[in-house]
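1. Structure of the sequence below:
(chains A, B and C)
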Amino acid sequence: MSFIDNFLARWQEYREPGYYKEFDYAWTMTIDLDRCTGCEACVTACQAENNIPIVGERGLAQGREMQWMRIERYWEGEYPDIKLGFIPMLCQHCDAAPCETVCPVSATYHNQDGLNAQVYNRCIGTRSCAVYCPYEVRYFNYNNHHWDAPLDEQLNPDVSVREKGVMEKCTFCIQRIRQAKDTAKDEERRVGDGDVQPACVQTCPAEALVFGDRNDPQSQVSQSMNDPRAYHVLEEVNTAPSVVYLKKVETDAG
Amino acid sequence: MQGEREISYADVNRDVVRSLVETGSKYYITLGISATVTLLCFFFPWFYQLHYGIGAAGMNQPTVWGTYLASFIFWIGLSHSGTLLSCVLHLTNSEWRKAMYRSAEAMTLFSLLVAATMVMVHVGRPWFVHWAVPYPNQMEMWPNFRSPLMFDVMAITTYLTGSSIFIYMGSIPDFAAVRDRTTGWRHHMYVLLSLGWRGTDTEWHRLGWAYTFLAVLIIPLAVSVHSIVSWDFALSVVPALHQTIFAPYFVVGAIYSGTAGIVTVMYFLRKYMNFEHYITKLHFDNLGKLLLVLSLIWTYINAVELFTGWYSETSFEIEALRYKLFGFYAPLYWEMILFCAVAPLLLISKRFRTSFVPMLILSIAINIGMYTERFLIVATSLSRQYLPDSWRVYVPSFVEISILVGSLAMFITLFLIFVKIFPSVSIYEVKETLPEPEPKPQTKAGVPEWQPTR
Amino acid sequence: MSSIDRRDFLKLVGAGGVGTGAGFVLRESINHPVEQLIPYPVPPEEFSPGIATYYNSVCSMCSAGCGITVRTREGRAKKIEGNPAHPVSQGRLCAHGQAGLQVLYNPDRLTGPMSRSVEGGELLPVTWEEGISQLAGRLGDLRANGQGNSVCFLSEGVRGHLAGLFELFMDQLGSNRLLHYDFAHPQTLYAAINRLFGEANLPYYDLQNTRFLLSFGADYLGNWISPVHHGLGFGRSRDGRDGVRGRFVQIEPRMSLSGAAADEWVPANPGTEGILALGLAHHIVNEGGYERGDRDAWVASLEAYSPAAVAEQTGVSADTIIRLAETFAGTQPSLAIGGGAAGQHSNGVDTLVAVNALNYLVGNLGREGGLVFNPPPAVGSGANGAQATYTSMLEIAEDARQGDIQVLILNQTNPAFTLPAAAEFRQAIAEVPLVVSLSSFMDETTAMADLILPSHTYLEAWGDDFPEPGVGFSAGAVSQPVVSPLYNTRATGDIIIGLAQALGLTDAFPWSNMEERLQEGWREIHARGVTAAEADDFEDFWTGVVKAGVWGETSRRVRPLAVESGVIESIGVESPEFSGSSAEYPFILHPYLSNTLDDGRGANLPWMQELPDPMTSVVYGSWVELNPTTAGELGLVEGDLVEVESPEGTVVAPVFVYPAIMPNVIAMPIGQGHTNYGRYASDRGVNPIEILSPQVEPETGDLAWAATRVRLVPTGQRVEIVKTGGVSRELGREIIQTVDAEPSAGESAGLSSIPVTVVHS
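-> Numbering: from 1, shown residues only, chains lettered A, B, ... in the order given. As a prediction, this is how the structure comes out:
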């Protein structure tokens, strides 16, 4: 085909979202809002696993929270007909991520596992990705962080400690995914369902979080995603997230 | 068109050279103060921020952008002054621009430079900011060409390059004129700068052609640069930012703010560089008319923004607008409307337009209002995104305000240095508006005598 | 030009200054100090750099006793997870459990023994030999003079062989003053279960299999007795069974975490939960088709508690009471639980008897999804044996003031913080000549000690635990050290054994350390043949138990379902009594255990201070929760500082407008207000326990900590409350989407499929 024909044929491909359309694994998480109790075990587990800094009272008073997984709370109604709903919010690893297009130095990109990856040492800190993210799940290091010794003995050696000026966010515990893939490769098999769980999924007492490969129709997450209650948050923004929420069931008890 | 009194070519030469050569203590004091303020208010806080991190500023989660970006856009906006005056009005053959456009172009250049420094201040790791420039490197990494910030880099670099060439090229005959009328180190400097200009017909012809050619090229640049800067915001999905009106909004705002900036600079230039005869009521009158038109367009665009947000009937857009008008930053919004939409209506009166001090005050007010507009775009939209539980208020910190003041001082410093090196009023273009002088009686040597004033 | 003029000089100075400054700062910012890597010449055995080693152990952050798995790298603990094999945690863990790493690596740990050589003097470091001999010397003297009973041992709630060790030690000394003190120990619940069912241990509430849970004040997902297991149960009850979705109702004056998870939150006046339960019981017995033989006895006891009669006092409409009763009786299996503030009124025991009696009335005792009785723990008498009530603590204080207590030994308990000021406990401790603390941290009580013999944290020590409440069958786990001890501390058991040996009690204490003691104890378990042990060899058994982090036996408890007639006659709940008059003190104070800081023990953990309170998102501080209408009437907005004044004292905290609390109730979280508990906890917030009135539940003598009345006095000042949340209303944005009913199977998928192409390498 001539250059023009070739280009026109590929035009449709260029217009579709995502760097990769063919994922090796397509990591997906489902969050069942009917099971989530808002206990925030996932928040602390993520902090422990990913060397998330302790911001301190002053930093939080300035509004600089650092919680890759956070719990948002929404009240509904007025006393006495009042309800409170919790929704865990983390990087949705969108297949059409607004943050990926805007980083001038490609510090954030979509990898072949369907993850939105953040490269700390490439980030120059323009913070435009945080502006573009509609879920506001990107967190900036406003200063170098300090752990009073010996709290730093607890830091996870598989995860880097970020310096000031770089952006960070949930990675679906990519260090665990990498470890699982390495082990699977040594054993000449694919990563099985349940072999890898991010810290938040592993610790949730209510088992509200499920993680796995949606390319595998037998996986738990595939079953969970196809629940009639499944939806995406901010669907209208068309980011094609990899996190699927299951609607909360609101019934009267009586 | 001329001033109140007939001025001759000789007067032009003398006045401009005198403006370059004569420096009183007032100049040194002003330069000293502005340089000190730059150092204290811009550089020292910036070094503190480099040491501590962006946390020295007031940004937080999720309002990750603040006054630095607002300043960046403001300074880029201010840079559109030169383009308008130099290029657009050149192509329309307006005579009244001729006395002012050199300084306006200088404003463009320096605004762009200050804007570039704001980028360095804004970014989290400025020592790696060169990664945004496509150069072959051992990492084998190109920057991300899909990013509007990359477009920014391209556009602003092009604009900077283009404007620098433009102002330099246009000044060559003036450098030559000054070269012939100065001695000492200045003479040597101007010899270098004037590139051996002899004033031949061919040279003039080529200059005129090249100048017009570049002017034509720079006009689309001006439109595209600020459109691209606006797309930093408009290509996001944030409710109040994701709007198609942003490109014209920013371009109009830029020209508006730039023109107001010219008025401010012209006032001071006129007063302190003894250019009363070159920059006259006529110029202010015309600038005033321009400002009025731009103000009306700007007001219209603001109204359109409110209207489209309202009839969209989406919670996100309406909340963003409601917050702008009645939320935490509401006083700033109404101040902006007052300064940029209401006050400029005074320009309908010709008497107002031809009074110098009122025009100065109005132009400063307009720029304050325009800065507020940029600040509001950043602060109100990031404060009110999709998820209400993440709404946060942002208040600039002392470091940020200091850097803003310092950036202004930096601009003034650069401009002060400029007026002593570049002829700030274009000699040859002003002469084009004047009748040709009668040849002077020749001396015995055949060359009219000229004594440099010192 | 030969000389530089002013203009050039200024330019040079400016450029030079800028250049130097920029260069210095940039260099300092870019270069980071190189870290030193010193390899081990002879690395320890279980130490493969780059490869993680996992140890199973038991969490001690609360009293639930979840089994944990700790991931260590190069001898450092990195991450705590739930142990998948342990029946309580089943691989899951709560935020407190995760924060155990910060207990181990806390910068404010006590690093070695300390002693005050002079009364009122400074605490100075001493050696273990000096410390042990100082204490043993004193104890020996007292024992020899037959004054052993003047030794008092106050510990946090402890189970397993360590509890037995304490008992043995005190017994050998001749003292009967051994008490475990925890603020939140469910004293009244034990008493209720004992009265109603004759059981000494807590039952197992089978949330997992229930279809309808009625909780009277028990924050079972937050802090109440076993939150991880309840979380598991909640999740599985909701969504773990095909087509069956458990429903949850929470009855309390202030919405707790469990209240948020519930399908319905029913606000009931404080202290009337038991009366409400009897209202339900009345309907079940009279109208609900109750047919057992003791029906007449029940009808007689419940005569005064018809739904209409109790509606006004409880604040819950009769229709709601009837509806709940019918659902509770009609949905099988159902479950009623009670606890928390509901059990901490003057009628606390009666309330919990009433609540648990509901289980009996609908016949869910001993069945799946209902209330299952636990066998007694394999070791020890259960957690309630030596547990102190408020009254027993007052007695200790009185004894101390009388001079009857010569030595007070404290183990990881902080009564100076967790007792109200009205108890005057601090002043009492000051009267004790020798106060010894075995705590790992300096806290308010330890600060008053004359001798500190700091213990290892739970991640550094051997121990064991038999969870309470049990899980329906006998289970336990051995807790092993996961890292070498960081400091010059010793395991609590080792300290006791060391003291015993110094006292010459080698017959009763033949072990050299706690590990040996444990092994001997577990030999008995092994020998009883209680387990279906695959290995007959004890060594294999022990290794297996330690490695697995769990032990259990499969036999369960079966017992008759009757409730004694005498008990039925005793059913009845009096109106709650409050301190202070309602005219002077118009509000009822509802203190609650903070979801992040528990009873204050978590305040020195930065992760827990930083974790937003789930309901309010506030961090690093205290607050007072007010109903919106009340706040409006008082003209208070968020951040206004108010004085919360009870008849006993005042604390000052900022207001938080809380949408889900009754108008005449104000709530405050417990946990902040430390004065001496490390850098993260000290001088932060206020401790509402201080101002609690010494109102007591008469049967147990426990503190009725939900029975204090207060008034609010605005100070006129305002502060900015530090919280991570913004506007906690959806404003029509459908972020949390809901469905009206559990969709039936077979409905089409709600999500348009995400296009992916499957490619395998």
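2. Provide the count of other residues in contact range of residue B:204.
-> Look at residue B:204: counted by other CB atoms under 10 Å in any protein chain shown, it has 13 neighbours. Where you see a C-beta, it was placed from the backbone N, CA and C, and this is true even at glycine.
3. Please read the previous query as pertaining to residue B:439.
-> Residue B:439 has 7 neighbours, counted by other CB under 10 Å.
4. go on, residue B:27?
-> 16.
5. Please apply the same query to residue B:28.
-> 15.
6. Could you look up the SS state of it?
-> Assigned state for residue B:28: helix (three-state reduction, DSSP: H, G, I helix; E, B strand; the rest coil).
7. same deal with residue A:117?
-> Under three-state DSSP, residue A:117 comes out as strand.
8. contacting residues for the closest residue to chain A within the stretch 1-150 of chain B?
-> Using CB to the nearest CB, residue B:124 is the residue of the stretch 1-150 of chain B that sits closest to chain A, at 1.7 Å. By CB atoms under 8 Å, 6 or more residues apart in numbering or on different chains, the contact list for residue B:124 reads A:123-127, A:140-141, A:164-167, B:53-54.
9. give me phi/psi at whichever residue of the stretch 251-400 of chain C sits closest to chain B?
-> Relative to chain B, the nearest point of the stretch 251-400 of chain C is residue C:260 (14.2 Å; CB to the nearest CB). Dihedral angles of residue C:260 (phi, psi; degrees, to the nearest 10) stand at phi -70, psi -30.
10. Compute the distance between it and chain A, please.
-> Plainly put, residue C:260 is 4 Å away from chain A if you go by CB to the nearest CB, to the nearest Å.
11. hang on, isn't that residue packed against residue A:84?
-> Yes - counting by CB atoms under 8 Å, residue C:260 touches residue A:84, with 4.0 Å between them.
12. any shared contact partners between the two?
-> A:38, C:615.
13. give the contact list for residue 251.
-> With no chain named, the answer covers chain A. Applying CB under 8 Å, 6+ apart, one finds that residue A:251 lies in contact with C:247, C:263, C:740, C:741, C:742.
14. My question was about chain B, not that one.
-> Counting by CB under 8 Å, 6+ apart, residue B:251 makes contact with B:80, B:222, B:223, B:226, B:227, B:230.
15. Likewise for residue C:78?
-> Taking CB under 8 Å, 6+ apart, one finds A:48, A:154, A:155, A:156, A:157, C:52, C:71, C:72, C:101 in contact with residue C:78.
16. Next: residue C:352.
-> Counted by CB under 8 Å, 6+ apart, residue C:352 has contacts C:188, C:189, C:191, C:192, C:193, C:274, C:338, C:339, C:342, C:343.
17. Tell me which other helices or strands the helix or strand containing residue B:213 touches.
-> Per DSSP states H and E: residue B:213 is located in helix B:201-234. Contact partners of helix B:201-234 among helices and strands, from 3 or more CB pairs under 8 Å, 6 or more residues apart in numbering or on different chains; DSSP states H and E: helix B:67-78, helix B:80-82, helix B:89-91, helix B:148-179, helix B:246-272.
18. list the buried ones in that helix?
-> Buried residues in helix B:201-234, defined by neighbour count with 16 or more other CB atoms under 10 Å in any protein chain shown: B:203, B:207, B:211, B:214-215, B:218-219, B:221-234.
19. quick one: whichever residue of the stretch 1-150 of chain A sits closest to chain B from residue B:433, how far?
-> Using CB to the nearest CB, the single residue of the stretch 1-150 of chain A nearest to chain B is residue A:125, 1.7 Å away. According to CB to CB, to the nearest Å, residue A:125 stands 50 Å off from residue B:433.
20. In terms of neighbours, single out the busier of these two.
-> Applying other CB under 10 Å to residue A:125 and residue B:433 shows that residue A:125 carries more neighbours, namely 24 against 16.
21. picking that back up, just send the contacts of residue B:124 back as a markdown table, with distance to chain C too.
-> Below are these laid out as a markdown table (distance: CB to the nearest CB, whole Å):
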| residue | distance to chain C |
| --- | --- |
| A:123 | 15 |
| A:124 | 13 |
| A:125 | 12 |
| A:126 | 17 |
| A:127 | 18 |
| A:140 | 15 |
| A:141 | 13 |
| A:164 | 8 |
| A:165 | 9 |
| A:166 | 13 |
| A:167 | 18 |
| B:53 | 9 |
| B:54 | 12 |
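22. Can I get the residues you listed in TSV including pLDDT and secondary structure?
-> Below are the contacts of residue B:124 laid out as TSV (pLDDT from 0 to 100; DSSP: H, G, I helix; E, B strand; the rest coil):
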residue	pLDDT	secondary structure
A:123	96	coil
A:124	95	coil
A:125	95	coil
A:126	95	coil
A:127	95	coil
A:140	96	strand
A:141	95	coil
A:164	93	coil
A:165	93	coil
A:166	95	coil
A:167	96	strand
B:53	92	coil
B:54	94	helix
